[in-house]
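Asker: sequence and computational prediction follow.
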Amino acid sequence: MNSRIQQILDKAVDKNSLSKEEIIAVLLCESSHNDVLFRAADLVRKRHVGDAVHLRGIIEFSNYCRRHCSYCGLRCANKDLQRYRMTPDAIYQAALDAAALGYRTIVLQSGEDLFFDADTVAALVRRLKKLGVAVTLSLGERTYEEYRLWRKAGADRYLLKHETADPVLYQKLHPDANQAGRLDCLSWLRELGYQVGSGCMVGLPGQTAEMLAADLLLLKELDVEMAGIGPFIPHPSTPLAEAAAGTAEMTLRMVALARLLLPLAHLPATTALATIDGYGRTKALSCGANVVMLNVTPLEYRSMYEIYPNKNRADSTPAAARRQFEELLAGLGRPVAEDVGHSPKSKFQRTVS
């Protein structure tokens, strides 16, 4: 073990703080250091958020999108994708079924589809809250007033990944958007009292260890309640079709470092990581992760929500998928959380005027 790396990890466990240079040193260290890094992150996870794993039910209700993001299969220029929209009643039924299976959080996710206007989403949130669940929205960049209306309707959390903290790379990936606008949205969400989730991709073309360190430091600066970190996976119908994918190893290092820097945040073991590594979720849960999002979208739509290839390759029903994952967690000695899984770092019962 390199003594310098050990010193950095000891500091991270004790202080939950590292400099950019220290983060880069860990990201670039030899693979032989992974076990020590992962054990340190697992220790911090156990100490601060416990052993319970929060299972969230995610409904991907529309794959229409107005954006041109270079990495995403939902980009509006992709003419090879069959598009769909679930009706509000169908979304509610999927949520009702998920709640009956024991899910305490429902995540509503879509492309940036303005067909679902502010009032429609607000009405849906109000219906879902009557099920006694927490509601997370992941609908992209919208206006302050829309965010405010949804918060008043009862939405608890909002997931909006910053994707990359590097402004030049951000612009390359988002030709019709800008980083300042994304950060404004995250600021509004914080102001409105949402539990805020953000995150990044690992292995983007042109990405450096310095950029990844900046991603982690931005997440810490934003003081997020959830940080989603997954590998970049190229989609054949995007400008980045020929790019190399991110690796499971670097993604796991980022998850572990996120846990060391954000001891109270919820960290998901992402679907993307499971896509490139069959044991990816198990590995992530052993190096800091404490959340898993399981797909409860009706089977007829799943294959069409293709952000990246093979994203929804599983064809098991929501009931079977949950049962399988509960068995996996039992084998790891990790219980399923019974509460709605609000952030442990503060209370979120504030009202919005």
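Answerer: Perfect, I can see it now.
Asker: so in terms of bridging, what pairs with residue 197?
Answerer: residue 159, residue 226 (DSSP bridges).
Asker: phi, psi of the most centrally placed residue in the chain?
Answerer: Note on the chain: the residue nearest the mean C-alpha position is residue 228, at 3.2 Å, using Cα atoms, centre = their mean. Geometry field for residue 228 lists phi and psi as phi -100, psi 120, criterion degrees, to the nearest 10.
Asker: likewise residue 3?
Answerer: Dihedral angles (degrees, to the nearest 10) for residue 3: phi -60, psi -30.
Asker: let me know how buried it is, in neighbour terms.
Answerer: Using other Cβ atoms under 10 Å, residue 3 is surrounded by 7 other residues. Any C-beta I mention is one placed from the backbone N, CA and C, and that applies to glycine too.
Asker: cool, residue 244 as well?
Answerer: Residues near residue 244, counting by other Cβ under 10 Å: 10.
Asker: dump the residue contacts of it.
Answerer: Neighbour list for residue 244: 203, 205, 234 [criterion: Cβ atoms under 8 Å, 6 or more residues apart in numbering].
Asker: the first one contacts residue 232, doesn't it?
Answerer: The reference is to residue 203. Yes: between residue 203 and residue 232 a contact is recorded at 4.4 Å, counting by Cβ atoms under 8 Å.
Asker: shared neighbours, these two?
Answerer: Common contacts of residue 203 and residue 232 (Cβ under 8 Å, 6+ apart): 245-246.
Asker: still on that earlier bit, in space, what's closest to the residue nearest to the centre of the chain - neighbours in sequence excluded?
Answerer: residue 199 (3.4 Å; Cβ to Cβ, 6 or more residues apart in numbering).
Asker: what helix or strand is the one you found on?
Answerer: In this structure, residue 199 sits in strand 195-202 according to DSSP states H and E.
Asker: how far is that strand from where the chain is centred?
Answerer: Remark: strand 195-202 is offset 6 Å from the chain centroid, using Cα atoms, centre = their mean, to the nearest Å.
Asker: in the stretch 51-200 of the chain, which spans are strands?
Answerer: 54-62, 105-110, 134-138, 157-159, 195-202 (DSSP state E, counting those that start in this stretch).
Asker: of all these, which one is nearest residue 280?
Answerer: strand 195-202 (12.0 Å; Cβ to Cβ).
Asker: skip ahead from the closest one and say which helix or strand is next.
Answerer: helix 209-222.
Asker: which parts of that following helix are buried?
Answerer: By neighbour count on 16 or more other Cβ atoms under 10 Å, the buried set for helix 209-222 is 209, 211-220, 222.
Asker: of residue 203 and residue 232, which one has the most company?
Answerer: residue 232 (26 against 21).
Asker: for that one, give me its contacts.
Answerer: Residue 232 neighbours (Cβ under 8 Å, 6+ apart): 71, 201-205, 207, 240, 243, 245-246.
Asker: for it, grab phi and psi.
Answerer: phi -70, psi 130.
Asker: look up how far residue 160 lies from it.
Answerer: 18 Å (Cβ to Cβ, to the nearest Å).
Asker: same question for residue 32.
Answerer: Residue 32 is 36 Å from residue 160, by Cβ to Cβ.
Asker: where in the stretch 51-200 of the chain is pLDDT low?
Answerer: Across the stretch 51-200 of the chain, nothing is flagged by pLDDT under 70.
Asker: ok, which stretches of it are helices?
Answerer: 88-100, 118-129, 144-153, 167-173, 179-191 (DSSP state H, counting those that start in this stretch).
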